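> Quick one, what's the 3D model for this:
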Amino acid sequence: MSLRNIVAPALVILASSLVLSACATTGAHDALNVTDVGLSEANYEVVATDVKGEASAGYLLGASGSAFRGMQTFALARVDGTGALYGEALEDLWSNFRDEHGPTDGRELALVNVRQDTDALNLILYTRPKVSIRADVVEFTE
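Now for the predicted structure:
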């Protein structure tokens, strides 16, 4: 048995294991949280409109794209960000709200008219998915 007959299958196994152990993420936090808030009475005030939050992550050897309700990414390794793009975008949205409208502690706030956009930079060797969330913020007065 020659060295070539041993090395070639070993390289195929190594390459296959690297590909099969790659990262895959949707970037979305899929949870069922249903809250029904009636905004039909005069018990709220719109305190901010079009507040925005963004999050992105970088991956090597992969591709990203919008599918279903979020961003889909398949890549070999994450090199930047946490991959929890929806949650990070919401945190950034609230941080931007606090920077402009003060602290949120002790206030009865809710996000309304929530919109989500996704974008991706795909360069074969590198992919960067991005999730943006925009919303209006209401504060309940009663």
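
> Please, where are all the strands along the chain?
For the chain, the strands defined by DSSP state E cover 23-25, 44-56, 58-67, 70-80, 109-122, 126-140.

> Of those, which is nearest residue 97?
In terms of CB to CB, the element of the strands of the chain nearest to residue 97 is strand 44-56, at 5.0 Å. In short, each C-beta sits where N, CA and C put it, glycine included.

> Could you check the angle the closest one makes with strand 126-140?
For strand 44-56 against strand 126-140, the angle by axes from the mean of the first three to the mean of the last three CA atoms, to 10 degrees is 170 degrees.

> buried set for strand 44-56?
Residues of strand 44-56 classed as buried: 44, 47, 48, 51, 53, 54, 55, 56 (neighbour count, 16 or more other CB atoms under 10 Å).

> Partner strands of that strand, with direction?
Next to strand 44-56 in the sheet, as set by DSSP bridges, lie strand 126-140 (antiparallel).

> Show me what counts as buried in the strand it pairs with.
Within strand 126-140, the residues scored as buried using 16+ other CB under 10 Å are 127, 128, 129, 130, 131, 132, 133, 134, 135, 136, 137, 138.

> Can you tell me which of those is nearest residue 94?
Nearest to residue 94 out of those is residue 137 (CB to CB; 9.0 Å).

> Please name the nearest non-neighbouring residue to the closest one.
Nearest non-adjacent residue to residue 137, counting by CB to CB, 6 or more residues apart in numbering: residue 48, 4.2 Å away.

> Could you pull up the residues touching that neighbour?
97, 100, 101, 136, 137 (CB atoms under 8 Å, 6 or more residues apart in numbering).

> How about residue 117?
By CB under 8 Å, 6+ apart, the residues touching residue 117 are 131, 132, 133, 134.
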